[in-house]
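Q: Got a predicted model here, sequence first, then my questions.
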Amino acid sequence: MVLYLLLFTCYLFISYYLTTYYLSIVRIYLDNAASTPLAPQVLEAMLPFFQTHFGNPSSVHAEGRQAKVAIETARKYISKQLGSPPKSIIFTSGGTESNNMAIKCAVRDLGIKRIITSPIEHACVANAVANVQTYHNIEIEYVKLGPTGAIDLIDLTLLLSKNKGQTLVSLMHANNELGTLNNVTKIGLLCKKHGAYFHSDTVQTIGHLPINTKKLNIDFLSGSAHKMHGPKGSGFLYINPTISIKPFIDGGGQERQMRSGTENVANIVGLHQAFKQATQQMGTWKNDIEALRLYFIKQLTAHFPDIIINSDPQDYLYTILHVAFPCTLDLSVLLFRLDLEGISASAGSACNSGAIQSSPISDFLDLDHTHKALRFSFSHLNTKTEIDKTITILDKIVTSN
């Protein structure tokens, strides 16, 4: 008991020391693909719905109608930006729920016998696919990838040409670790030609790239607020209005009967404001972030001749850069050292309960032990000064080991 108390006291002391140290230095946040800081305008729009506009949107009185109007205003704006009718947008708790809803409802209600996907999808897609394979005996086929993780369209065509029953194609727009973009327009056309349904995880690209559902020939599309300076726990699923699926959550019939439960009005308002700000500023922010990303690449290649740029050199999402450094440090140690110096980066997806472990991307890249891969991801809030400081710190950590 005494030993336990001593260890616990040491833990508290170390935690306090580290927290105090972290707060004493200026942080540089380069992990925007994991989550972005909440924009002040978004918080300002949300606050009234925590405090004064607290009505239940299913209630018929003034307070309820006020909340309902806020939800439907958000739905109309998002649907307009996506070139779809308002009824096609279902609000969810985020990208993971949206992707699960699309995959599991498609299997349950659309007669899906086969799913074509890739081996480097986000964990929520990969695990949802594994779930339906186990419990619904769905055949899973994996499309081949190019050297930077892009879908091999020739192989996808060959897979689709096989007559194996009703098929769902589930392929992300931009890989969340590499940033490599897939040609979702061509994928949609191939799916339409072969009578397959098409689902795309667009969590990383919504608010960063223009997306029109009509032009994409897409059936399911997911988005999340916290990747574009909105609140965590808020997202949506686009469902092609020509498709009829049954409710994902049963109850009082909210969200067009598709997802019952009292809506999180404040978060939906936050999603609306974040998406509005992102679409209005998209051109300016894209130019600024892309210039910063290019500057970072030039500095990295100048300081680290043996660095490997894993992101596609042409078809890339401008907010993400995935690189491998020649470094003998363990990956966890490298990240910890960066963190101590005030740099927030990642080893990949942030959706593994905080664990630093091998991801499908690590297996795909097949890097030797002398290289350690990191993901840096940017927002319009980052600056060249931050990049210069990051290069200096990387130089100190990597070249000294």
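A: Sure thing, it's come through. Treat the numbers as computed from the prediction; the structure is a model and nothing was measured.
Q: CA only for contacts and neighbour counts going forward, please
A: Noted.
Q: Could I get the average pLDDT for the host helix or strand of Glu97?
A: Using DSSP states H and E, Glu97 sits within helix 95-109. Averaged across helix 95-109, the pLDDT comes to 98.
Q: got a list of contacts for the helix or strand just after that helix?
A: Of the helices and strands lying after helix 95-109 in sequence (DSSP H and E), the nearest is strand 114-117. Strand 114-117 is contacted from outside by 129, 138-143, 159, 164-171, using Cα atoms under 8 Å, 6 or more residues apart in numbering.
Q: Quick one, which of these has the minimum pLDDT?
A: Of all those, Lys164 has the smallest pLDDT value, namely 88.
Q: about what we covered before: please identify which of the contacts of strand 114-117 is nearest to Lys389.
A: Nearest to Lys389 out of the contacts of strand 114-117 is Leu171 (Cα to Cα; 36.3 Å).
Q: ok, that closest one - contacts?
A: 117-118, 121, 198-201.
Q: Can you pull the phi/psi pair for it?
A: Per-residue torsions, Leu171: phi -140, psi 130 (degrees, to the nearest 10).
Q: I'd like the distance between it and Tyr318.
A: According to Cα to Cα, to the nearest Å, Leu171 and Tyr318 sit 19 Å apart.
Q: repeat for Asp109
A: Separation of Asp109 from Tyr318 (Cα to Cα): 37 Å.
Q: What subset of the contacts of Leu171 is buried?
A: The neighbour-count test (16 or more other Cα atoms under 10 Å) marks 117-118, 121, 198-201 as buried among the contacts of Leu171.
Q: Need those residues in TSV (columns: pLDDT, secondary structure and distance to Ile154).
A: Shown next, in TSV, are these (pLDDT from 0 to 100; DSSP: H, G, I helix; E, B strand; the rest coil; distance: Cα to Cα, whole Å):
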residue	pLDDT	secondary structure	distance to Ile154
Thr117	98	strand	14
Ser118	98	coil	14
Glu121	97	coil	19
Phe198	98	strand	17
His199	98	strand	19
Ser200	98	strand	19
Asp201	98	strand	21
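Q: out of those, which one sits closest to Leu190?
A: Lowest distance from Leu190 to the buried ones among the contacts of Leu171 (Cα to Cα) belongs to Phe198, with 9.5 Å.
Q: Now do the same contact list for Thr202.
A: By Cα under 8 Å, 6+ apart, the contact set of Thr202 is 172-174, 221-223.
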